[in-house]
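# What shape does this take:
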Amino acid sequence: MTENLSILGSTGSIGTQTLDVVRKLNLSVSALTAHSNVEAMEQQVREFHPQLAVMFDEQSAKALKIKIADTDTRVALGMDGLCDAACIPSADTVLNSVVGMVGLKPTLAAAKAKKNIALANKETLVAGGKLVMNTIKENNVKLYPVDSEHSAIFQCLQGCPEHKALQRLILTASGGPFFGKTKKELENVTVTQALNHPNWSMGAKITIDSATMMNKGLEIIEASWLFDMPADSIDVVVHRESIIHSMIEYIDNSVIAQLGVPDMRIPIQYAIAYPKRMESPVKQLDLTEISRLTFYKPDYDTFTCLSACIKAIKRGGLVPAAANGANEEAVRLFLDNKLKFLEIGELVTAAMNNQPDCQIYSLEDILNADKTARQFVIDNVRC
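The predicted structure is shown next:
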């Protein structure tokens, strides 16, 4: 079980819920990082007394340094600061909840520093799956999934007698705010509509990814690496209530599911406390209150991001990195009202198709594929 944490992305949704768990379990915190929320970071520093606080944004780092000058916490900035936080000697586990490709380098740094990793940053495995998993194995560290879907699979697998007994992974998807909508109905949806998720409270980027179902596509890629399963053995089912978080199927066709109210503190705590189970601050599940659970097939034709991700993991190499980079850029442009909702999927697919096949790659190759895909999106914006 974790005793001392370094939390990357401590002011975001996952980060703040992680600190709820830290309070509950009375854990120590060695490092906290954020992008630019100085006010929230100052409050966290004063409560948790970390050795290191990192702001990715330079001006925010300067402002924080002034605000906490009366404390013993050192302030660092940028990617170097993130990697310092990932390698801080006193932490035994690094929880990575930063958003986007920025999470890749700190994950690799943490693994090389022999830290166990609780991973909530999808892009780390989506873009650098082979490199990350090889680094994890070479340094003999543990990788614990924090995403609710992957945590559910991880929990279900605790009863798996042997890997070859596993037949299929079934990821559940909420369907987001646009479940059942046609392409015609989605042509002119607004940012506000796309950010209106029915079940989960998340950051803007991941909420848009849920609306496009890119999030589920990224999770297929991530699950393939986490559980060493081919894409053809990973299915998606739309489950509107978000009570079943995912399932596994054995070769005898029995299915094991993990259920719980939609609250990220359950998978966060499981990753931190593993292999122990601890009392939780989360509401107890009452199935009679839920009344019914429903399931639907995804609409792959309307939500083309999902289809693109499946094609990307099947092609492998740098293609997933290109799909991810294109999506990050397209979502940014959509949030800035410079791109239409459906164009996100169109540009992700086009950028993925633009990426040449390359099965052997380095960190530099991943970063170049990411950069090229982002530029492709910028160059092909219509408005």
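# for the stretch 201-350 of the chain, what spans make up the strands?
Counting by DSSP state E, counting those that start in this stretch, the segments of the stretch 201-350 of the chain that form strands are 234-238, 244-250, 255-259.
# Adding distance to residue 297 and mean neighbour count, write those strands out as CSV.
C-beta coordinates here come from the backbone N, C-alpha and C atoms, glycine included. Written out in CSV, the entries for the strands of the stretch 201-350 of the chain read as follows (distance: least, CB to CB, whole Å; neighbours: other CB atoms under 10 Å):
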stretch, distance to residue 297, mean neighbour count
strand 234-238, 7, 19
strand 244-250, 15, 21
strand 255-259, 17, 17
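# who are the neighbours in contact with residue 139?
With contacts defined as CB atoms under 8 Å, 6 or more residues apart in numbering, residue 139 is in contact with 111-112, 114.
# Ok, residue 380 next?
By CB under 8 Å, 6+ apart, the neighbours of residue 380 are 347, 350.
# ditto for residue 246
148-150, 152-153, 156, 169-172, 257-258.
# In helices only, show me the residues you listed.
Using DSSP state H, 148-150, 152-153, 156 are the members of those that sit in helices.
# Where neighbours are concerned, which of the residues you listed has the most?
residue 152 (28 neighbours; other CB atoms under 10 Å).
# my guess is it contacts residue 245, does it?
Yes: when contacts are counted by CB atoms under 8 Å, residue 152 is listed as touching residue 245 (3.7 Å).
# Give me the common contacts of those two.
Both residue 152 and residue 245 are in contact with 172, 257-258, 267, where contact means CB under 8 Å, 6+ apart.
# from those, which is closest to residue 303?
Set against residue 303, the nearest of the shared contacts of residue 152 and residue 245 by CB to CB is residue 172 (15.0 Å).
# now that closest one, which residues is it bridged with?
residue 237 (DSSP bridges).
# ok, it - contacts?
Applying CB under 8 Å, 6+ apart to residue 172 gives the contacts 149, 152, 236-239, 242, 244-247.
# Which members of those residues are the farthest-apart pair?
Maximum pairwise distance among the contacts of residue 172 (CB to CB): 15.5 Å, between 152 and 238.
# about what we covered before: now, which of the contacts of residue 139 lie within helices?
Filtering the contacts of residue 139 for helices - DSSP H - leaves 111-112.
# Quick one, which of the contacts of residue 139 are buried?
Buried by 16 or more other CB atoms under 10 Å: 111-112, out of the contacts of residue 139.
# got the contacts of residue 139 as CSV, with distance to residue 222 and pLDDT columns?
Converted to CSV, those look like this (distance: CB to CB, whole Å; pLDDT from 0 to 100):
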residue, distance to residue 222, pLDDT
111, 16, 98
112, 21, 98
114, 23, 98
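# Can you tell me the SS state at the residue lying farthest from the centre of the chain?
Using CA atoms, centre = their mean, the residue of the chain lying farthest from its centre is residue 70. It sits 34.7 Å away. Remark: residue 70 carries the secondary structure label coil [criterion: DSSP: H, G, I helix; E, B strand; the rest coil].
# List phi and psi for it.
Per-residue torsions, residue 70: phi -80, psi 0 (degrees, to the nearest 10).
# can you check residue 72 too?
With angles defined as degrees, to the nearest 10, residue 72 shows backbone torsions of phi -100, psi 10.
# residues contacting it?
Residue 72 is in contact with 49, 51, counting by CB under 8 Å, 6+ apart.
# what do you get for residue 109?
Under the contact definition (CB under 8 Å, 6+ apart), the residues listed for residue 109 are 83, 86-87.
# show me what contacts the residue lying closest to residue 244 once chain neighbours are set aside?
In this structure, residue 244 finds its nearest non-sequential neighbour in residue 257, 4.9 Å apart by CB to CB, 6 or more residues apart in numbering. Applying CB under 8 Å, 6+ apart to residue 257 gives the contacts 152, 156, 244-247.
# again with residue 220
Residues touching residue 220, when contacts are defined by CB under 8 Å, 6+ apart, comprise 171, 231, 234, 236, 309-310, 313.
# Most neighbours among the residues you listed, which one?
Of the contacts of residue 220, residue 309 is surrounded by the most neighbours, 30 neighbours in total, counting by other CB under 10 Å.
# ok, it to residue 221 distance?
6 Å (CB to CB, to the nearest Å).
# shared neighbours, these two?
In the contact map built from CB under 8 Å, 6+ apart, the residues linked to both residue 309 and residue 221 are residue 320.
# I'd guessed residue 126 sits against residue 321; true?
Yes: under the contact definition of CB under 8 Å, residue 126 touches residue 321, with a separation of 7.3 Å.
# What's the separation between residue 119 and residue 253?
The span separating residue 119 from residue 253 equals 30 Å under the rule CB to CB.
# And the two? Which one has more around it.
Neighbour comparison, residue 119 and residue 253: the larger count goes to residue 119, with 25 against 8 (by other CB under 10 Å).
# Okay, now the unreliable bits of the stretch 101-250 of the chain?
200-201 (pLDDT under 70).
# Tell me where it has helices.
104-112, 122-138, 148-156, 183-186, 191-194, 204-212, 214-226 (DSSP state H, counting those that start in this stretch).
# Just the CA atoms of the one helix or strand residue 364 maps to, as PDB, please.
For residue 364, the element it lies in under DSSP states H and E is helix 363-379. Taking C-alpha atoms only, helix 363-379 is exported to PDB below (Å, rounded to 0.1, in the frame of the first residue of the first chain):
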ATOM      1  CA  LEU A 363      10.400   8.900 -27.400                       C
ATOM      2  CA  GLU A 364      11.600  11.500 -30.000                       C
ATOM      3  CA  ASP A 365       9.600   9.700 -32.700                       C
ATOM      4  CA  ILE A 366       6.500   9.800 -30.500                       C
ATOM      5  CA  LEU A 367       6.900  13.500 -29.900                       C
ATOM      6  CA  ASN A 368       7.400  14.200 -33.600                       C
ATOM      7  CA  ALA A 369       4.300  12.200 -34.600                       C
ATOM      8  CA  ASP A 370       2.300  14.100 -32.000                       C
ATOM      9  CA  LYS A 371       3.700  17.500 -33.300                       C
ATOM     10  CA  THR A 372       3.100  16.600 -37.000                       C
ATOM     11  CA  ALA A 373      -0.500  15.500 -36.200                       C
ATOM     12  CA  ARG A 374      -1.200  18.800 -34.400                       C
ATOM     13  CA  GLN A 375       0.100  20.800 -37.200                       C
ATOM     14  CA  PHE A 376      -2.000  18.700 -39.700                       C
ATOM     15  CA  VAL A 377      -5.100  19.700 -37.800                       C
ATOM     16  CA  ILE A 378      -4.100  23.400 -37.800                       C
ATOM     17  CA  ASP A 379      -3.400  23.400 -41.500                       C
END
